[in-house]
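need a 3D model of the following:
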Amino acid sequence: MDGLGTIGAFIGSIISYKLNTNVLRKCFGIFLGIIAIHEIYNLVTSNKNKNNTHNKIEDKNERI
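Presented below is the predicted three-dimensional model:
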């Protein structure tokens, strides 16, 4: 598995060398946007899960 990272880095360096700088910047910007959306989604869904767990614990305590 360690060799795959090396191969990927090598292929990525060849692609980035051959691409126009402006195209590379746009692709990297799109990549960062996708990562940001993914992180925000994970943050929102993890907070919903925490709230649901907290509410379930309160409901069980009220029953007792």
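
could you use CA atoms for every contact and neighbour count after this?
Noted.

and the gap between Phe28 and Ile35?
11 Å (C-alpha to C-alpha, to the nearest Å).

same check, this time on Val44
Per C-alpha to C-alpha, Val44 is found 14 Å from Ile35.

any stretches of the protein with poor pLDDT?
Applying pLDDT under 70 to the chain picks out residues 1, 51-64.

and the helices in it?
2-18, 21-63 (DSSP state H).

for Val24, the count of nearby residues, please.
One thing to correct before we go on: residue 24 is Leu, not Val. Neighbour count for Leu24, taken as other C-alpha atoms under 10 Å: 15.

how about it, nearest residue that isn't a chain neighbour?
Nearest-residue entry for Leu24: Ser16, 6.8 Å, with adjacent residues in sequence omitted and distances by C-alpha to C-alpha, 6 or more residues apart in numbering.

does the one you found touch Arg25 like I think?
No: applying C-alpha atoms under 8 Å, one finds Ser16 not in contact with Arg25, separated by 10.1 Å.

since that was my last question, I'll sign off now.
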